[in-house]
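K.L.:
Sequence plus predicted model, see below.
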Amino acid sequence: MNTTNIAIFISGKGSNALNLITYFKNTEQFKICLIFATKENPELERSCAVNNIEFHFSVKNGIELEKDQVQLCTSKSISWVVLAGYLKQIPPSFIALFPNRIINIHPSLLPKFGGKGMYGINVHRAVLAEKESKSGITIHYVTEEFDKGEIIAQYNLDIEEDETLETLETKIHALELHYFPMVLEEVFKKK
């Protein structure tokens with residue numbers, strides 16, 4: 001059985017990446033072999049060391065960042081790139097190396113509340129300001145435009161009348177942790 005090598009790019013706390021490491025840890029078919037972070041993350045770095053996953057931290061931007069990403073993904077024979085709270089735009093030349101093989105998770109029901117600057121608490125604030133009755137998560141392919149790629153899956157929840165930023169963020173994060181690994185596994189198996 002061939003192993004599918006996976007890279008995860010993050011910019012945040014890394015809780016989705018930690019969850020994915022745990023989920024895929026004991027599978028022979030799928031192996032997370034690279035975590036690429038744009039923010040220091042000692043907890044995630046320790047988890048990578050324990051699980052024999054390369055952890056790479058970089059503060060570079062633009063072409064220098066892309067060169068690092070291409071070199072690392074090539075050296076690890078990466079088949080899939082997963083964006084788990086990654087806030088930088090993926091350059092077209094990198095997308096061309098992984099056509100329909102870069103997947104992002106977004107904390108709203110796209111196309112609503114997507115695009116540049118719409119991430120994390122910014123999304124939840126906008127959802128509550130618009131008095132939406134539902135919110136959720138979208139798992140989608142990455143294209144050159146922020147949050148415009150083909151939707152793979154969406155999961156929603158009801159917004160309560162007394163919903164706060166904190167409660168909505170907690171509920172959305174629970175959806176991410178529950179559904180993201182399963183959806184990724186299904187997509188990886190199909191391709």
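P.N.:
Here it is on my side, so go on. Residues are numbered from 1 along each chain as shown.

K.L.:
What is the burial count for Asp68?
P.N.:
Neighbours of Asp68 under the rule other CB atoms under 10 Å: 14. For glycine as for every other residue, the C-beta is placed from the backbone atoms N, C-alpha and C.

K.L.:
Test my guess that it contacts Ser58.
P.N.:
Yes: the pair Asp68 / Ser58 is scored as a contact, 5.5 Å apart, by CB atoms under 8 Å.

K.L.:
and for those two, which residues touch both?
P.N.:
Both Asp68 and Ser58 are contacted by Phe36, under the criterion CB atoms under 8 Å, 6 or more residues apart in numbering.

K.L.:
Buried ones in stretch 72-92, by neighbour count?
P.N.:
The neighbour-count criterion (16 or more other CB atoms under 10 Å) identifies 72-73, 76, 78-86, 90-91 as the buried residues of stretch 72-92.

K.L.:
ok but His56 is inside a strand, no?
P.N.:
Yes: counting by DSSP: H, G, I helix; E, B strand; the rest coil, His56 is part of a strand.

K.L.:
mind checking the SS state of the nearest residue to it once chain neighbours are set aside?
P.N.:
Leaving out its chain neighbours, the residue that sits closest to His56 by CB to CB, 6 or more residues apart in numbering is Phe36, at 5.1 Å. Assigned by three-state DSSP, the conformation of Phe36 is strand.

K.L.:
Not counting its own residues, what contacts stretch 34-51?
P.N.:
The contact list for stretch 34-51 (CB under 8 Å, 6+ apart) reads 5-14, 17-18, 21, 25, 32, 53-59, 65, 68-69, 72-73, 76, 78, 86-88.

K.L.:
if you set the cut-off to 6 Å instead, what comes out?
P.N.:
Residues outside stretch 34-51 that contact it (CB atoms under 6 Å, 6 or more residues apart in numbering): 7-11, 14, 17-18, 21, 53-57, 72, 76.

K.L.:
Only the buried residues of that stretch, if you could.
P.N.:
Residues of stretch 34-51 classed as buried by neighbour count (16+ other CB under 10 Å): Leu34, Ile35, Phe36, Ala37, Thr38, Asn41, Leu44, Glu45, Ser47, Cys48, Asn51.

K.L.:
and if you look at stretch 169-183?
P.N.:
For stretch 169-183, by 16+ other CB under 10 Å, it's Glu169, Lys171, Ile172, His173, Leu175, Glu176, Leu177, Tyr179, Phe180, Pro181, Val183.

K.L.:
what would those look like in a markdown table with secondary structure, distance to Glu161 and pLDDT?
P.N.:
Listed next are the buried residues of stretch 169-183 as a markdown table, based on DSSP: H, G, I helix; E, B strand; the rest coil; distance: CB to CB, whole Å; pLDDT from 0 to 100:
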| residue | secondary structure | distance to Glu161 | pLDDT |
| --- | --- | --- | --- |
| Glu169 | helix | 17 | 97 |
| Lys171 | helix | 14 | 98 |
| Ile172 | helix | 17 | 98 |
| His173 | helix | 21 | 98 |
| Leu175 | helix | 20 | 98 |
| Glu176 | helix | 24 | 98 |
| Leu177 | helix | 25 | 98 |
| Tyr179 | helix | 25 | 99 |
| Phe180 | helix | 28 | 99 |
| Pro181 | helix | 32 | 98 |
| Val183 | helix | 30 | 99 |
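
K.L.:
Nice, that's everything, thank you.
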